[in-house]
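Enquirer: turn this into a model:
(2 chains)
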Amino acid sequence: MIEAIPQALGLIFTVEGLFVLTFGTMLGIVLGALPGIGSTVAVAMILPFTLTMGQAPAILLLLAIYAGSVYGGSISAILINTPGTPQSAATCLDGFPMAQRGEAGKALGWSTIASVVGGLTSAVVLIFAAPQLAAFALNFGPIETFALILLGLTCIVSVSDGSLVKGLIAGFLGLFLSTVGGDPLTGEARFTFGNFQLISGFNLLAVVIGVFALSEVLIRASALPDGKNKLVKFSGIVLPKLSEWSGRIKGLVKSVLIGNVIGILPGTGAATAAFISYAEAARSAPTRENFGKGEPDGLIASESANNAVTGGALVPTMALGIPGDAITAVMLATLTLHGVTPGVRLMSENPVLMAAIFSGFFIINLMLLPFGMIVSKLAAPILRIKEAYMLVMISLLCTVGVFFVRGNPFDLLVMALAGVFGLVLRRQGFPMAPLVIGMVLGPTLEISLRQGLIITDGSFAAFFSGHPIAAVLVVIALIMLSLPLVRFFRNKGASA
Amino acid sequence: MANMISERRIVSLLILLLTAGMVVSTFGLQFAELGGAFSPMFFPRIILFVLLALAALNMVMDMMTNPKSKTLRLAPTLLISLGFLIYVMLIMPLGYFFSSILLAFLILFTLGIRNPLVLVALPIGTAGALVALFNHVLKMPLPTSPFFWWI
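Expert: Numbers count the residues shown, from 1 in each chain, chains lettered A, B, ... in the order given. Have a look, this model is predicted:
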């Protein structure tokens, strides 16, 4: 795949390619900066507009939105003490105190450099790790695929904030929704209840936009109160001088490594990485007593780690077709909608596209530095926009987005119902990421399970006796599932 | 009795009942008799049985703990939810432009915006900008109005 990079760069360095990367990165930063939108909603909102684009520009645009929005979250975290994305929550701890004492530009300077370094290393991890993993996956048949998807589904455990049972319910609801429509083997209609529109199943994008973006509109409408955010004094990013980095490089390297490793693990995510990295820095940094009072080392720890996750999180998504969290689930849906099947054959059959994605991701992270400096200054006044205006824009954009997928008004109804459904479930603590993960992985899980059982004459035990890879994957899945129980009993033991 | 009823418990009960209903429905459907993994109901039935067990467990947990749901401003939430459902049904007969103006107005008004200029200009401006962009610049037409072909 490395050999395909020159050809891939030819795809990127075109007017369309450069426009997509520039526009996507800038838009991603703005959307990430707007509190409450977040990377997942940002990508879901823009996804439908890419449907008329070619595969490479469309995927690059969404990657730019993804990387840009993770960085953009730090702008509102520092300027208004409200993280634009959950990944930037740890950034508030030291970013806002710095801004309060008149160092907003400096704080954004530290976070920008840390984000760029984190993002660039994650791109390198993606370039080298994904092809290795995919090459290994060439040994996979239906039984191994079933075990792999089962392992992918266990990440529901880690994306289930609060209640594991509620997370599992959401995941199984997603799996059930994926069965509505024609049976993949016999073609017979299932759970359509006479509605011919349901024969092709639920439109994945309508459900994704409904449960993430539209339910967000309804949740924010239900929360109140609306008002303008107060901005601290900010007149542009001030990059730290080289001498100011003295004593901070070790912490930066450590945080980047934490982000890279956590990114590859399914179901952990950037928010976890940012907090683990922050906690580690707070434990080991020489300036630890200043943490929480506006210490640049704290900012570096959280921002470098959360951006270092982005590329790593794409490794299992690209190589195996397993999303690790909500945002990579939406990215997986994106690839599927564009006719790209991640995993086993993608790297060998479409090396130019993959090289374009990987090198494009590297360039996007390089672009964060100049665009971060330009957009953060422009985005600062947008943060003062009234919430009601923003909700109007999100609602109208969601509708346009879903309508363009198939031009079918039924999808709009599905989106509206998914939005209401998402509101009801989210209010009761049901996470929505497992629902999307279930919907995305459901069809492959079903087909591989049924094909596997047909091959083994219905013997489930034969799934593992002659298939060591499948057996290992299932054991890992069981370990992943049992981790919350181990944690529960350990905490119980500690409190006793 | 009033203490027994809460939003969380009602939602849990609804999930349990809906899942049970779906499980029952899998036995009433007629398919070609292929059996085993060939049956179209093979996979959904496994999923639904697990979902039923989880829903029952969730119901029991919610009966035992019953944490309070977050406070909800019922009127705006209901109005906007209903408004959105009506909006998606009006898009085809009224066109994107007019129906979007109505929805945007409803959202703004419900969320407490009373400035007449904003109430008129923002819906028209946002919907108009999207129609201009998609219908006339990108040539990806949104549903058009029966009254004026250009919007």
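
Enquirer: residues of the stretch 151-300 of chain A that sit close to chain B?
Expert: A:163, A:165-166, A:168-169, A:172-173, A:175-176, A:179, A:183, A:185-186, A:188, A:190-191, A:214, A:217-218, A:221-224, A:226 (CB under 8 Å from any CB of the partner chain). Placement of C-beta: from N, CA and C, glycine included.

Enquirer: of these, buried ones?
Expert: A:163, A:165-166, A:168-169, A:172-173, A:175-176, A:179, A:183, A:185, A:188, A:190-191, A:214, A:217-218, A:221-223, A:226 (16 or more other CB atoms under 10 Å in any protein chain shown).

Enquirer: how far does whichever helix or strand A:G493 is part of sit from the chain's center?
Expert: Assigned by DSSP states H and E, A:G493 belongs to helix A:468-495. Relative to the centre of its chain, helix A:468-495 is centred 24 Å away, using CA atoms, centre = their mean, to the nearest Å.

Enquirer: and the average pLDDT for it is what?
Expert: For helix A:468-495, mean pLDDT is 78.

Enquirer: A:L441 touches A:L153, doesn't it?
Expert: Yes: assessed by CB atoms under 8 Å, A:L441 is found in contact with A:L153 at 6.0 Å.

Enquirer: got a pLDDT number for the residue of the stretch 1-150 of chain A found nearest chain B?
Expert: Here the stretch 1-150 of chain A gets closest to chain B at one residue, A:T52, 6.6 Å apart by CB to the nearest CB. A:T52 is assigned 79 on the pLDDT scale.

Enquirer: in a strand, it, correct?
Expert: No: counting by DSSP: H, G, I helix; E, B strand; the rest coil, A:T52 is not part of a strand but coil.

Enquirer: grab the nearest non-local neighbour of it.
Expert: Spatial nearest neighbour of A:T52, chain neighbours left out: B:M140 (6.6 Å); criterion: CB to CB, 6 or more residues apart in numbering or on different chains.

Enquirer: give me the neighbour count for that neighbour.
Expert: 15 (other CB atoms under 10 Å in any protein chain shown).

Enquirer: for it, helix, strand, or coil?
Expert: Once three-state DSSP is applied, B:M140 turns out coil.

Enquirer: contacts only, for it.
Expert: Counting by CB atoms under 8 Å, 6 or more residues apart in numbering or on different chains, B:M140 makes contact with A:52, A:404, B:134.

Enquirer: hang on, the last one packs against B:L142?
Expert: In other words, B:F134. Yes: using CB under 8 Å, B:F134 makes contact with B:L142 at a distance of 5.3 Å.

Enquirer: what do the two both touch?
Expert: By CB under 8 Å, 6+ apart, the residues touching both B:F134 and B:L142 are A:V400.

Enquirer: these two: which is more packed in?
Expert: Using other CB under 10 Å, the more surrounded residue of B:F134 and B:L142 is B:L142, with 22 against 18.

Enquirer: my read: that one touches B:V131, true?
Expert: Yes: contact criterion CB under 8 Å: B:L142 and B:V131 qualify, at 6.1 Å.

Enquirer: quickly list what's touching both of those two.
Expert: With CB under 8 Å, 6+ apart, B:L142 and B:V131 have common neighbours B:96-97.

Enquirer: and for A:P286, the neighbour number?
Expert: A:P286 has 11 neighbours, counted by other CB under 10 Å.

Enquirer: just read off the phi/psi values of the residue lying closest to it once chain neighbours are set aside.
Expert: Distances taken as CB to CB, 6+ apart place A:G247 nearest to A:P286, at 6.6 Å, with adjacent residues excluded. With angles defined as degrees, to the nearest 10, A:G247 sits at phi 80, psi 0.

Enquirer: ok, A:G247 to chain B distance?
Expert: 44 Å (CB to the nearest CB, to the nearest Å).

Enquirer: A:L335 too?
Expert: In terms of CB to the nearest CB, A:L335 sits 22 Å off from chain B.

Enquirer: ok, now which ones touch that residue?
Expert: By CB under 8 Å, 6+ apart, the contact set of A:L335 is A:59, A:317, A:341-342.

Enquirer: how about A:L299?
Expert: Neighbours of A:L299 in contact, by CB under 8 Å, 6+ apart: A:91, A:94-95, A:98, A:107, A:110-111, A:114.

Enquirer: model confidence for the closest residue to A:P296 other than its chain neighbours, exactly?
Expert: Leaving out its chain neighbours, the residue that sits closest to A:P296 by CB to CB, 6+ apart is A:W110, at 4.7 Å. Note on A:W110: pLDDT of 91.

Enquirer: and the helix or strand in which A:W110 is found with helix A:468-495, angle?
Expert: According to DSSP H and E, A:W110 maps onto helix A:104-136. Put simply, helix A:104-136 runs at 140 degrees to helix A:468-495, going by axes from the mean of the first three to the mean of the last three CA atoms, to 10 degrees.

Enquirer: helix A:104-136: which residues count as buried?
Expert: Buried residues in helix A:104-136 (16+ other CB under 10 Å): A:104-123, A:125-127, A:129-131, A:133-134.

Enquirer: need the contact partners of the helix or strand following it.
Expert: Note on helix A:104-136: by DSSP H and E, the next helix or strand toward the C-terminus is helix A:142-153. The contact list for helix A:142-153, computed with CB under 8 Å, 6+ apart, reads A:137, A:140, A:171, A:266, A:316, A:320-323, A:437-438, A:441, A:444-445, A:447-449, A:451-452, A:455-456, A:463, A:467, A:469-471, A:473-474, A:476-477, A:480.

Enquirer: need the longest helix for chain B.
Expert: Determined from DSSP state H, the single longest helix within chain B is helix B:42-65.

Enquirer: touching chain A at all, that one?
Expert: Yes: interface with chain A: helix B:42-65 contributes B:42-44, B:47-48, B:50-51, B:54-55, B:57-58, B:61 (CB under 8 Å from any CB).

Enquirer: gap between A:T121 and A:I455?
Expert: 42 Å (CB to CB, to the nearest Å).

Enquirer: what does A:I249 give?
Expert: 54 Å.

Enquirer: neighbour count winner among those two?
Expert: A:I455 (15 against 11).

Enquirer: in contact with that one, which residues?
Expert: By CB under 8 Å, 6+ apart, the contact list for A:I455 reads A:142-143.
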